[in-house]
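Here you go, sequence then predicted model.
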Amino acid sequence: RGYSTAVMDLEKYRQIFLRESDKYLQEIGSILIEVEAAPEETGHWEELHGKIHSIKGMARAMSLDAISRLAHEMEAWCLKFQRREWTARETSIRILTEGYSLLKALIPRFGQLDVPELNSAYYRLLQVLAKGSEASAAVEESKPERDGGDGIAVDPIRSIGVPCSLIEELLGFSQELLLMERTKPALPPEMAAVQSWIDQYAALAKGLYFRLAQLRLMSIEEFVALYRHTIHHQARQMGKKVRIVLSGGDIKADVALLDRLREPMIHIVRNAIAHGIEPPEERRAKGKAEEGTIRIFAESRKETLVLRIADDGAGIRREAIERYLRERRGYGDADIARMDRASFFATILSSDFSTASATDEAAGRGIGMNVIAQAITYLNGTLEIDSTPGEGTSITVTLPMSLSVLHAVVFTVGPYRIAVPTSGLDAASYGEPPDDARDGILDLRMLFGVKVHGRQPPGVLMLRSSGVTSPDRRPIRGLMVDTIVGNKPVMILRPGRLIRNARIFSGIGVLESGVLTSMLDVEMLAQNGRQTTGAMKGA
């Protein structure tokens, strides 16, 4: 077979689209209530415009034209009201509310206008939106017909609140079930049927544990959403324009960990708004956009959660830190010059770095940073600061993550079931690669000492460019395996001593079915590849 690139699982992105759109729709519904109460408040229209624009962007990325077209017309109205080019009237808000209801109906259908009533309501509303706000009188014609004749549509119940304590209790029960399965006595061959029943029971118990553990997880997107609205209002009260941009929001972490992280995160972001982001006129004078940006980057690295909060504000002035080092620590110019960036900015975390003058010149980050650092240390994490005057400041928080769920491509190499994070892959395919593409593809079958039968073409996983090199210094561009199982959600657990001794795995993954898989660490594999065969045989 030829070397053909496989298309990554589209269903994953469809589910992400549904999940993210549902969050935006909930927020749009809340904002519309605020708009009805204060239609002259431009901030409400700006926020509404942003949420609808996000839905439009996702819909366009997935070529969902009906959804993106409706969202485009709706956000155009919001922009007019935001700029005070139009006056928002009651009928105008009712038209946008109808658009909101249509979006709620279209998104679960992925934009399919397969219901006659929905189709006619969609095109009637598009005509009204295209005519402008003076067409408000036509809103009655744009209302979609609903079953029951009372004009009321009730959303289905999608979730219920469950106390964390109950989840903890159920997790405890499921762990006891798994422990009982591990300690079962050996059964004689004549009891093979009983053994088969026990194996099925054990698989169900593992699957139960996986699903219960997922209930304890919260996505970073949901975590940031807890205080996104508060931060927005705080910025407005300070006369500043700030937007929060999130990357890696689909990564999930233990809700208990995130709950303890909530206060430190709020203080970090508030500091960035209060003392990092400049007022609009000052940013204009510096040639910056009036709206400041706070970017939150989330990443899962092996057994840790990494959060980086970066603003594009004024940054931290070195003079304040240098004066503190001279006056309080007795450092000379040569001592300061020898300090690396991490150590230099870590000075701010000192408990006595809190003089008023120093704090003012350090963009306000002296007060409270020691308390924040202590809270992170209490969680067995670390906090690092970096800053460039005039360009902004970034704070990186690294925390151990006892439980995490990520998507990984699962594959087999002989008797071994292994997985690599989907984020580290570019493509997956079957077939022998051509000669010009073989360089840098590591055959895991040979590395693990697995006999190649040649009955079926191998699977090839192409890695994203990361600069990883094999022990002989050649770059690793891809992995050759036996069978590609597919892209699956995997719950990551800490590896035991036996797995750690192999020195190529970052953890143990549990699939939804309860099946265990080893999480391959490509960097560790590159460093210890020559010892892998012996370690695997020992395992």
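That came through fine. None of these values were measured; they are calculated from a predicted model. Residues are numbered from 1 along each chain as shown.

So which helix or strand of the protein has the lowest pLDDT on average?
Using mean pLDDT, DSSP states H and E, helix 356-361 stands out as the lowest-scoring helix or strand of the chain, at a mean of 38.

so where's the stretch 201-350 of the chain shaky on pLDDT?
Screening the stretch 201-350 of the chain residue by residue with the criterion pLDDT under 70, one finds the ranges 302.

show me where it has helices.
220-237, 255-271, 280-285, 318-327, 333-338, 341-346 (DSSP state H, counting those that start in this stretch).

With mean neighbour count added, can I get the ones you listed in CSV?
Glycine gets a C-beta too; all of them are placed from N, C-alpha and C. Formatted as CSV, the entries for these read as follows, by neighbours: other Cβ atoms under 10 Å:
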stretch, mean neighbour count
helix 220-237, 17
helix 255-271, 18
helix 280-285, 14
helix 318-327, 17
helix 333-338, 11
helix 341-346, 15
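
Which helix or strand contains the residue nearest to Ile504 when sequence neighbours are not counted?
The spatially closest residue to Ile504, leaving aside those adjacent along the chain, is Leu525, at 4.5 Å (Cβ to Cβ, 6 or more residues apart in numbering). Following DSSP states H and E, the helix or strand that holds Leu525 is helix 522-538.

ditto for Val397
Assigned by DSSP H and E, Val397 falls within strand 392-400.

Next: Gly507.
Since the elements are taken from DSSP H and E, Gly507 ends up inside strand 505-510.

Given that strand, what are its sheet partners and their directions?
strand 483-493 (antiparallel), strand 516-520 (antiparallel) (DSSP bridges).

Now do the contacts for the residue found closest to Lys241 once you drop the neighbours it is linked to in the chain.
If the residues on either side of it in the chain are set aside, Lys241 comes closest to Glu291, at 4.1 Å by Cβ to Cβ, 6+ apart. By Cβ atoms under 8 Å, 6 or more residues apart in numbering, the contact set of Glu291 is 241-243, 280.

and with 10 Å instead?
The contact partners of Glu291, taken as Cβ atoms under 10 Å, 6 or more residues apart in numbering, are 235, 240-243, 277, 280, 283, 312.

cool, and Lys241?
In this structure, Lys241 makes contact with 46, 232, 235, 277, 279-280, 283, 289-293, judged by Cβ under 10 Å, 6+ apart.

measure it to Lys51 for me?
Here the criterion is Cβ to Cβ, to the nearest Å. By it, Lys241 lies 17 Å from Lys51.

Please apply the same query to Ile198.
Distance, Ile198 to Lys51, by Cβ to Cβ: 51 Å.

Between the two, which has more neighbouring residues?
A direct count of neighbours by other Cβ atoms under 10 Å for Ile198 and Lys51 places Lys51 higher, at 21 against 14.

check which helix or strand covers that one.
Per DSSP H and E: helix 42-61 holds Lys51.

Show the subsequent helix or strand relative to that helix.
Toward the C-terminus from helix 42-61 - assigned by DSSP H and E - lies helix 65-82.

Export that next one to CSV, keeping only CA atoms.
Provided in CSV are the C-alpha atoms of helix 65-82 (Å, rounded to 0.1, in the frame of the first residue of the first chain):
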residue,chain,number,x,y,z
ASP,A,65,-22.2,27.5,6.9
ALA,A,66,-25.8,27.8,8.3
ILE,A,67,-24.5,28.4,11.8
SER,A,68,-21.7,30.8,10.8
ARG,A,69,-24.0,32.8,8.6
LEU,A,70,-26.6,33.3,11.3
ALA,A,71,-23.9,34.2,13.9
HIS,A,72,-22.3,36.6,11.5
GLU,A,73,-25.6,38.5,11.0
MET,A,74,-26.2,38.6,14.8
GLU,A,75,-22.7,39.8,15.7
ALA,A,76,-23.1,42.6,13.1
TRP,A,77,-26.2,43.9,15.0
CYS,A,78,-24.3,43.7,18.3
LEU,A,79,-21.4,45.7,16.8
LYS,A,80,-23.9,48.4,15.7
PHE,A,81,-25.4,48.7,19.2
GLN,A,82,-21.9,48.5,20.8
